[in-house]
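[1] fold the stuff below for me.
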Amino acid sequence: MMNWIDVAVARRNIYYENIKKKSKIIYKIISIYLSIYLFIYFSIYLFKFSYSGLLQMPLVDTRKVYDEVKDDLDRLDCSDKTLFTTQYMVKQKPVILVNCSGGWLAHKKWTFDYLFDYKEGEVHWVATYMKNLTIVEEEDNNILPTGTQLRQIYKNGGLIRIFEQLKKRTNLRYELKQHRKKKDDKGKFFEEYSQPSAILLDVFNQTGIKTDFQWMMVASKNTGTGLHLDIHNHIRTAGWNTIILGYKWWVFFPVDVNPSKLLCDPGCSQNVEHMSQMSWFTHILPQIRTRSFYGKKLIEAIQGPEETVYLPGFMAHAVMNLEDNIAIGENLILEESVFDYIYGVMLGDYALNSRYRRKH
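    Residues are numbered from 1 along each chain as shown. As a prediction, the model looks like this:
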């Protein structure tokens, strides 16, 4: 007959055995749930990594582009102002100017980090970017991203494309009225570059009138700008663009070619064309490269650091960033642009200002 001690020991052993069995069951359940969680987590992570990597990976071999693109654009020293004016501006021919920006502070200071850190990273930028597998257009986002946010997106391998209008005129008028600068004022950058000395015929520059036609472009590799014309408020503008960092692939069409019939079908490319124009460069361009437009061929060029592209008015063009890229540019109002505008007003194509249109 068992005494009470043996009974107590037996009960204790049974109790511990039950605890061990329950612990094993709980351990198995936790292990299963943890395994499922980790599987889902890493599957999502790998999917995001693969997807963003797919968008970031070169869709064409950039080294092949450098080797195969026939660069047909003339180079001209910025000091040759007379030749530039008579042979390119007056004749509406594009050209790459060299030695225009050697003394700019921008070449020493402008990097992605420098721009993202401007005013401690709190300044907002007009940007298109990829976030959570979604491409966010600047006009779709009521709250523009800050430099700190763009840095994080860029650091994590996301695509970004800043196309910031520096607005010299608007910011100056605000400062005169409010006696202070705007929070997002980027006027400091005007001190770090200047208009190329070869450009003499800009009407606004000659008369001392400030404009808002200054643009800063900061973009990831494989982003770009689709085939388009530079037109502001019905005025066809010429322009210049200087690269601070990286390389651009340009395609120029003869003056007065309408680009609307030479674009990718939105039904095929709308999900990619927001950020990258690679579809157009790899599919449309090869089909029209040898065609003539008004008896002229299109022109291609590879622009590098410290080179300045001059673009005549009403010349359709497309741009692909072959590497991470920083550039600055301005649109110009030439005499012919003013005459074209007056001619359009006389024909009734558009009014001088919406305030003067008759209301019915």
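[2] buried sites along the host helix or strand of residue 151?
    Using DSSP states H and E, residue 151 falls within helix 147-155. Buried residues in helix 147-155, counted by 16 or more other CB atoms under 10 Å: 147, 149-151, 153-154. In short, each C-beta sits where N, CA and C put it, glycine included.
[3] pull up the pairing partners for the very next helix or strand once past it, direction included.
    Next helix or strand after helix 147-155 toward the C-terminus (DSSP H and E): strand 160-165. When sheet partners are counted by DSSP bridges, strand 160-165 sits next to strand 127-131 (antiparallel), strand 214-219 (antiparallel).
[4] just say which of those strands is most tucked in.
    Among the strands paired with strand 160-165, strand 214-219 has the highest mean neighbour count (mean count of other CB atoms under 10 Å), at a mean of 23.
[5] and it, how far from the chain's centre?
    With CA atoms, centre = their mean, to the nearest Å as the basis, strand 214-219 stands 7 Å off its chain's centre.
[6] now swap in stretch 88-100 and tell me
    Taking CA atoms, centre = their mean, one finds the center of stretch 88-100 at 24 Å from the center of the full chain.
[7] beta partners of residue 236?
    residue 231.
[8] check contacts around it.
    By CB atoms under 8 Å, 6 or more residues apart in numbering, the contact set of residue 236 is 229-230, 313-314, 337, 340.
[9] got it, and residue 256?
    Counting by CB under 8 Å, 6+ apart, residue 256 makes contact with 294, 314.
[10] ok, it to residue 342 distance?
    For residue 256, the distance to residue 342 equals 18 Å [CB to CB, to the nearest Å].
[11] ok, residue 160 next?
    For residue 160, the distance to residue 342 (CB to CB) stands at 40 Å.
[12] give me the more crowded residue out of these two.
    Taking other CB atoms under 10 Å, residue 160 and residue 342 do not tie; residue 160 has more neighbours (24 against 11).
[13] give me the beta-bridge partners of that one?
    Beta-bridge pairing of residue 160 under DSSP bridges involves residue 129.
[14] that one touches residue 217, doesn't it?
    No: counting by CB atoms under 8 Å, residue 160 does not reach residue 217; the two are 11.1 Å apart.
[15] can you list the domains in the chain?
    1-57, 60-356 (automatic domain parsing).
[16] and these, which one averages the lowest pLDDT?
    Lowest mean pLDDT of the domains of the chain: domain 1-57, a mean of 66.
[17] quick one on the thing from earlier: can you give the contact residues for the helix holding residue 151?
    112-113, 115-119, 121-123, 125, 127, 129-131, 145, 160, 162, 220.
[18] hmm, try it at 6 Å
    Here helix 147-155 makes contact (CB atoms under 6 Å, 6 or more residues apart in numbering) with 116, 118, 121, 123, 129, 160.
[19] contacting residues around the fourth one?
    By CB under 6 Å, 6+ apart, the contact set of residue 123 is 147, 184.
[20] mind doing that once more with 7 Å?
    Applying CB atoms under 7 Å, 6 or more residues apart in numbering, we find residue 123 in contact with 146-147, 184.
[21] please apply the same query to the second one.
    With contact taken as CB under 7 Å, 6+ apart, residue 118 is in contact with residue 147.
[22] try it again at 10 Å.
    125, 146-147, 184, 186, 188-189 (CB atoms under 10 Å, 6 or more residues apart in numbering).
[23] I'd say residue 327 and residue 241 touch.
    Yes: between residue 327 and residue 241 there is a contact under CB atoms under 10 Å: 5.7 Å.
[24] pairing partners for the helix or strand where residue 96 lies, with directions?
    For residue 96, the host element (DSSP H and E) is strand 95-98. Strand 95-98 has the following strand partners under DSSP bridges: strand 75-77 (parallel), strand 307-311 (antiparallel).
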